[in-house]
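S.K.: can you look at this prediction? I've put the sequence above it.
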Amino acid sequence: MRSIAVASGKGGVGKTSFVINLSLALTQLQQKVLIFDADLGLANVDVMLGISPKYDIRYVLNGEMSLKDIIYSTDYNIDIIPAGSGVVELTHLTSMQKLLLKEQMEEAFKNYDYLIFDASAGISENVLFFFLLGGERIVICTPEPTSIADAYALIKVAYKKHRIKDFYLVVNMINQEEDGKKIYQQLLYVQEKFLPEIKLSYLGGIPYDECVKKAIRSQVPYLLMCPDKPCSLKIKEIAYKLMKYNPQASQGLEAFLERVVSL
Ligand SMILES: Nc1ncnc2c1ncn2[C@@H]1O[C@H](COP(=O)(O)OP(=O)(O)OP(=O)(O)O)[C@@H](O)[C@H]1O
């Protein structure tokens, strides 16, 4: 199992719709995906998919339910762990709670190929927590200078505070392919100059498309609503690239469970 945390620094850059459509693209590649909705913002995974899960992670932390029982299966073949406001509690677990959760996770996660965390916007300890939990991290930004600056700030803080070194970059809402590559080059230039220990890899750019907005309004993934549009073709390409990327040794369910206990 690969665990991937997706965060953005700035809010409203399309992180949640990216997580949903990337997950769907991975399922189309025969991967079994579980989304962990760790976003405290308003644009939650359940709202975007038009679902209303009854239970969330708080029921697990209270000991009322097991993790396996709160996993919500959608019609899209993607499963979801709704975290709700329990996300905050997750970052303050006792050693006992961590051990219990580890045991439950071992059982609940064993059949998944990907666990994808949709982290909140901002650079809070909460976001960094999921960055540490994930074996891999995707930072998503748009071509807006404030979004690029916030993406860089997120990478910088993750490295300075927690020595996190590997990141993928996705640029959303681009007008043309070159725009995304240019932004990656800009970020790479600054990163190589000031944070040379870091490795920043480019996963790709997703075009701006009205279809994405239409899909969100209809509470349907854009990959299904407009499968032949450039945004959908690009998300498929990103999923394929991600799948082919050789995960590091620190990956896998065992390594993930070790991190759960050590954080
Ligand atoms: N490729 C795109 N083309 C056009 N509009 C887009 C694209 N991606 C996202 N959007 C628009 O951006 C808005 C924000 O998207 P989304 O809610 O996924 O962002 P977010 O980063 O998860 O937000 P938050 O920070 O609130 O969690 C949506 O209204 C969506 O319509």
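M.R.: Thanks, I have the structure now. Residues are numbered from 1 along each chain as shown.
S.K.: SS state for residue 101?
M.R.: helix (DSSP: H, G, I helix; E, B strand; the rest coil).
S.K.: that one: neighbour count?
M.R.: Residue 101 has 20 neighbours, counted by other CB atoms under 10 Å. No exception for glycine: its C-beta is placed from N, CA and C like everyone else's.
S.K.: distance of the closest residue to it other than its chain neighbours from residue 160?
M.R.: The spatially closest residue to residue 101, leaving aside those adjacent along the chain, is residue 260, at 6.2 Å (CB to CB, 6 or more residues apart in numbering). According to CB to CB, to the nearest Å, residue 260 and residue 160 sit 24 Å apart.
S.K.: between those two, who's got more neighbours?
M.R.: The neighbour count for residue 260 versus residue 160, taken as other CB under 10 Å, is higher for residue 260 (17 against 10).
S.K.: hmm, the more buried one is touching residue 102, no?
M.R.: Yes. The pair residue 260 / residue 102 is scored as a contact, 5.0 Å apart, by CB atoms under 8 Å.
S.K.: and this protein, which residues reach the ligand?
M.R.: 8, 11-17, 39, 41-43, 121, 172-173, 206, 208-209, 212-213, 216, 231 (CB under 6 Å from any ligand atom).
S.K.: any idea how far the helix or strand of the chain with the lowest mean pLDDT is from the chain center?
M.R.: Least confident helix or strand of the chain, by mean pLDDT, DSSP states H and E, is helix 86-90 with a mean of 78. When distances are taken as CA atoms, centre = their mean, to the nearest Å, helix 86-90 is centred 17 Å away from the chain's centroid.
S.K.: got the phi/psi numbers for the residue nearest to residue 101?
M.R.: Per-residue torsions, residue 260: phi -60, psi -40 (degrees, to the nearest 10).
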